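In: Any chance you could fold what I've pasted below:
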Amino acid sequence: MKAAYLTGYGGSEVIRYGELPDPVLQPGHVVVEVRAAGVNPVEIAMRSGEFRKYQKYRFPHVMGLDIAGVVAEVGDGVTGFKAGDEVYAVLPGRKQGGYAQRVLVPAANLALKPSTLSHVEAASLPTVALTVWQAFHERAKLQRGEKILIQPGAGGIGTFAIQLARHMGAEVYASASARNQDFLKALGAQHPIDYAASVAGDSGPFDVVLDGLGGAAIAPSIRALKPKGRYVGLVRAADARAFRELGVPALFAWLAARRIRGYRQLARARDVEYHGVLTRPDGKQLTAIAGLIDKGIIKPFVARTYPLRDLGQAFAELEAGHVRGKIVIDISGV
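Out: Numbers count the residues shown, from 1 in each chain. Here you go, the predicted structure:
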């Protein structure tokens, strides 16, 4: 099969395009013919080796977490899927494999693709959709009428989060550049914020902050919350619970979460909750999300597509920043 793969840890220079062996079907798994694969910011850190302490790759290694495609083979013990089904999924973080013509997927990760979407549109969604779904339902427990800040609002996470928060009845504040203010309104944000002209926290206090910026934005975001408010961090903000949910042993989860100790202390001092999430693959949740999409409640936004051989260019655009929506690799024409 054709694949884009890594020859080692590093920058764009470690990405190659060529032939690799097809995946071998296993019990409890499905082989999917990949039609499209979404590109996620976290993969830049994965490529550089930032997570090698927890998930060390063997090279050549095929990255790619988000896929949409067609079921080719079904393994023993799998029910609910058959050859020819159009599906989408988040792949296991330790194995991945989406940037290839075929991939082995645990059946529990898989869901039928939203019928109203193309494969490219569907591939733009799994990680961002599950990230926001788990952040709102499992961590923040966002309620109707609550005031939420989503930052930034125009990227892959933000575009999905604004739409889901509005569907859940929240009052949505979202930040983006000046050129994206009308875009935020079109998504459903009642209060778009130009982050170059004002500080998002000035519009608070908020019941919930969904923070896709991280770094210097974490402490101000915590301070922008009401008492009993909930901070949910998405960028290098994972807490021990997030690591445990992905199967990391308790001691290692605690050690991995040491970097956010100061933020948790700040949150406790201000009587607010700190949550740092990592996306957990979940086919059942993707099925529920597909239902919302097919009802027209949430729409995907694809910024640009690249062919598989140009994966390095796709990463370069993502690293440059200010992408509206998601970048997707179109594998259908390989």
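In: Val128 touches Ile157, doesn't it?
Out: Yes: at 5.0 Å, Val128 counts as touching Ile157 under the criterion of CB atoms under 8 Å. Backbone N, C-alpha and C define where each C-beta goes, glycine included.
In: and this structure, what are its domains?
Out: For the chain, the domain assignment from automatic domain parsing gives the residue ranges 2-125+300-330, 127-276.
In: looking at the ones you listed, which is closest to Ala288?
Out: Ranking these by distance to Ala288, with CB to CB as the measure, places domain 127-276 first at 7.8 Å.
In: How far does that closest one stretch from one end to the other?
Out: Between the opening and closing residues of domain 127-276 there is a gap of 16 Å (CA to CA, to the nearest Å).
In: How about stretch 15-34?
Out: Counting by CA to CA, the length from the leading to the trailing residue of stretch 15-34 is 19 Å.
In: now do stretch 215-230
Out: The separation between the terminal residues of stretch 215-230, taken as CA to CA, is 17 Å.
In: The stretch 1-150 of the chain: helices as residue ranges?
Out: If DSSP state H, counting those that start in this stretch is used as the criterion, the helices of the stretch 1-150 of the chain fall at 42-48, 119-123, 126-134.
In: Pipe those helices into TSV and attach mean neighbour count and mean pLDDT per row.
Out: Putting those into TSV (neighbours: other CB atoms under 10 Å; pLDDT from 0 to 100) gives the following:
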stretch	mean neighbour count	mean pLDDT
helix 42-48	18	91
helix 119-123	26	98
helix 126-134	25	97
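In: In JSON lines: the ones you listed, plus distance to Ala238.
Out: Formatted as JSON lines, the entries for the helices of the stretch 1-150 of the chain read as follows, by distance: least, CB to CB, whole Å:
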{"stretch": "helix 42-48", "distance to Ala238": "11"}
{"stretch": "helix 119-123", "distance to Ala238": "24"}
{"stretch": "helix 126-134", "distance to Ala238": "12"}
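In: Compare the ones you listed and give me the one nearest Val31.
Out: When the helices of the stretch 1-150 of the chain are compared by CB to CB, helix 119-123 sits nearest Val31, at 16.2 Å.
In: Output that closest one as PDB, nothing but the C-alphas.
Out: C-alpha atoms of helix 119-123 as PDB (Å, rounded to 0.1, in the frame of the first residue of the first chain):
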ATOM      1  CA  HIS A 119     -15.100  11.200   3.400                       C
ATOM      2  CA  VAL A 120     -13.000  14.400   3.500                       C
ATOM      3  CA  GLU A 121     -15.500  16.200   5.700                       C
ATOM      4  CA  ALA A 122     -15.900  13.200   8.000                       C
ATOM      5  CA  ALA A 123     -12.100  12.800   8.400                       C
END
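In: Number of residues surrounding Lys286?
Out: Just so we're on the same page, residue 286 is Leu rather than Lys. Neighbours of Leu286 under the rule other CB atoms under 10 Å: 26.
In: Correction: the previous question concerned His61.
Out: Residues lying near His61 (other CB under 10 Å) number 20.
In: Tell me the spacing between it and Ser12.
Out: Between His61 and Ser12 the distance, using CB to CB, to the nearest Å, works out to 15 Å.
In: Tell me which residue of the chain is furthest from the middle?
Out: Note on the chain: the largest separation between a C-alpha and the mean C-alpha position, by CA atoms, centre = their mean, falls on Ala269 (30.0 Å).
In: How much space separates that residue from His275?
Out: In this structure, Ala269 lies at 16 Å from His275, with CB to CB as the measure.
In: Also Ser48?
Out: On the measure of CB to CB, Ser48 and His275 end up 26 Å apart.
In: what's the answer for Glu146, then?
Out: Plainly put, Glu146 is 15 Å away from His275 if you go by CB to CB.
In: When those two are compared, which one has more neighbours?
Out: When Glu146 and His275 are compared on other CB under 10 Å, the one with more neighbours turns out to be His275, at 24 against 20.
In: show me the contacts for the closest residue to the more buried one other than its chain neighbours.
Out: On the basis of CB to CB, 6 or more residues apart in numbering, the spatially nearest residue to His275 that is not a chain neighbour turns out to be Arg139, at 4.1 Å. If you count contacts by CB atoms under 8 Å, 6 or more residues apart in numbering, Arg139 has them with 230, 232, 275, 277.
In: Confirm the first one sits in a strand?
Out: Same thing as Arg230. Yes: under the criterion used here (DSSP: H, G, I helix; E, B strand; the rest coil), Arg230 sits inside a strand.
In: Thanks a lot, catch you later.
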